[in-house]
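K.L.:
Need coordinates for the below:
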Amino acid sequence: MTSEFHRPIRIDQIGEGELRQRIEADGDERRRLMGRFRLLAIDSLVADYALRRDVAGIVATGRLTAQVAQACVASGEPVPESVDEPFVLRFLPESSIEGDAAELDDSAMDTMFYTGASIDLGEAAAETLALALDPYPRSPDAEEVLRTAGVVREEDVAPITALGGLKDLLTK
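P.N.:
Have a look, this model is predicted:
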């Protein structure tokens with residue numbers, strides 16, 4: 001299956017030094033990613049990569065920027081969001097997986113596996129975007145919508161304990 005934002009780069013293009021790549025999603029790719037991630041809009045999506053080989057595979061460092069809009073969790077209204085996310089990724093061949101786990105070092109890199117002779121920078125950017133999005137976007141009037149719906153804020157709820165009513169019984 002080809003991803004919505006497919007930007008393959010052959011591994012043999014990555015030499016001994018660093019290879020820089022810039023990718024940008026076009027309108028059709030952004031529309032398909034909107035459906036995948038249930039976004040109301042993706043006005044732009046750009047990723048800048050610096051690729052280099054290391055002992056285990058390919059390391060990609062860079063920055064992802066995007067302008068998106070998500071639905072407010074309370075009202076459904078659009079909540080615009082500017083994403084500016086630095087990333088460090090390691091691409092490893094699927095053949096490096098033994099059993100259910102791959103041996104990875106303790107570095108702070110996300111790992112993506114690939115098959116064949118290329119890696120997909122577009123799919124890596126799409127997954128980076130998904131991880132960078134606010135999981136609970138709220139519009140400015142979200143509190144009012146929730147209050148109207150009868151949702152009580154956590155700060156307004158008295159703690160409930162197993163012996164909560166005992167104090168009242170003892171004072172009578």
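K.L.:
What confidence value was assigned to the residue nearest to the spatial centre of the chain?
P.N.:
Compute the mean C-alpha point of the chain, and by Cα atoms, centre = their mean the closest residue is residue 131, 1.3 Å away. Looking at residue 131, its pLDDT reads 95.
K.L.:
Please report the distance of it from residue 95.
P.N.:
Taking Cβ to Cβ, to the nearest Å as the measure, residue 131 falls 25 Å from residue 95. For glycine as for every other residue, the C-beta is placed from the backbone atoms N, C-alpha and C.
K.L.:
same question, residue 120
P.N.:
Counting by Cβ to Cβ, the gap from residue 120 to residue 95 is 17 Å.
K.L.:
Those two: which has the busier surroundings?
P.N.:
residue 120 (20 against 9; other Cβ atoms under 10 Å).
K.L.:
Please name the residues that touch that one.
P.N.:
Contact partners of residue 120, counting by Cβ atoms under 8 Å, 6 or more residues apart in numbering, are 3, 6-8, 114.
K.L.:
re the thing from before, element containing the residue nearest to the centre of the chain?
P.N.:
Here residue 131, judged by DSSP states H and E, is contained in helix 121-132.
K.L.:
tell me which strands and helices that helix is in contact with?
P.N.:
For helix 121-132, the helices and strands in contact under the criterion 3 or more Cβ pairs under 8 Å, 6 or more residues apart in numbering; DSSP states H and E are strand 8-10, strand 19-24, helix 27-37, strand 41-53, strand 58-71, strand 78-93, strand 110-114.
K.L.:
CA atoms only: put the next helix or strand after that helix into CSV for me.
P.N.:
For helix 121-132, the following helix or strand on the C-terminal side (DSSP H and E) is helix 142-148. Taking C-alpha atoms only, helix 142-148 is exported to CSV below (Å, rounded to 0.1, in the frame of the first residue of the first chain):
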residue,chain,number,x,y,z
ALA,A,142,-14.9,24.8,24.9
GLU,A,143,-15.4,25.4,28.7
GLU,A,144,-18.8,27.0,28.1
VAL,A,145,-19.9,24.3,25.7
LEU,A,146,-18.9,21.6,28.3
ARG,A,147,-20.6,23.5,31.2
THR,A,148,-23.8,23.8,29.1
